[in-house]
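Q: any chance you can model this:
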Amino acid sequence: MLKNAIFLLFILISYTSVSGQERSVDFGIKGGVNLTFFKVIEAGFGVNPEAEVGYYGGIFMDILIDEEFSIQPEILYIGINDFTFLNAPIYAKYQVAQNLYILAGPSVNYFFDLFANKVKIGADIGSSYNITQALDIHLKFALGFQEISPNGLFLGLGVKL
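A: Next comes the predicted model:
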């Protein structure tokens, strides 16, 4: 599944570079802090959510479709103590006000060593605000659909290169 996400990102890059139409594609890096929520079964007391603070960093593309809409695939490396995974969302990004955007889309997560089933599907929703043309601040929430999938809140900065 991770290979499929990387292949899709490669196809998007290739499409935008060989397309005869005028398109605007920006590349960048992003990173920040995340708060990840795990569901832990506590004996007879039921589900008890536990939260851990971590970090994330990665790369993104912003493919402009029209003045208010773009597609933004990302690949992020996430670390929480000894727990690490990759998050690869593909966002539909829509401008709702000047410099303010909402983002939503599916995500594929690849867990390096925590779960036997290493690939999990989720959904992300977020917002970003362009401080300058090249710098944005963003906030997103990642929701895991499967039974043993962490949810996360991400706050960080993105820089277009």
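Q: residue ranges with poor pLDDT in the chain?
A: Scanning the chain for pLDDT under 70 picks out 1-23, 38-49, 114-117, 145-149.
Q: and Ile131, how many residues sit next to it?
A: Neighbourhood size, Ile131 [other CB atoms under 10 Å]: 12. In this view, the C-beta of every residue, glycine as well, is placed from N, C-alpha and C.
Q: could you find the closest non-adjacent residue to it?
A: Of all residues not flanking Ile131 in the chain, Ile137 sits nearest, at 6.2 Å (CB to CB, 6 or more residues apart in numbering).
Q: distance of the one you found from Ser70?
A: Counting by CB to CB, to the nearest Å, the gap from Ile137 to Ser70 is 17 Å.
Q: same question, Phe141
A: 20 Å.
Q: who's more crowded, the two?
A: Neighbour count, other CB under 10 Å: between Phe141 and Ser70, Ser70 has more, with 21 against 15.
Q: quick one: strands adjacent to the helix or strand harbouring that one?
A: Following DSSP states H and E, one finds Ser70 within strand 69-80. Here strand 69-80 is paired, per DSSP bridges, with strand 47-64 (antiparallel), strand 83-97 (antiparallel).
Q: deepest-packed of those, please.
A: Ranked by mean neighbour count, the strands paired with strand 69-80 are led by strand 83-97 with a mean of 18 (mean count of other CB atoms under 10 Å).
Q: just the strands in this structure please.
A: Assignment of strands within the chain using DSSP state E yields the ranges 24-41, 47-64, 69-80, 83-97, 100-111, 119-130, 135-144, 151-160.
Q: what's the first one in contact with?
A: Contacts of strand 24-41 from elsewhere in the structure, counted by CB atoms under 8 Å, 6 or more residues apart in numbering, are 13, 16-17, 47-64, 74, 76, 78, 80, 134, 138, 148, 150-161.
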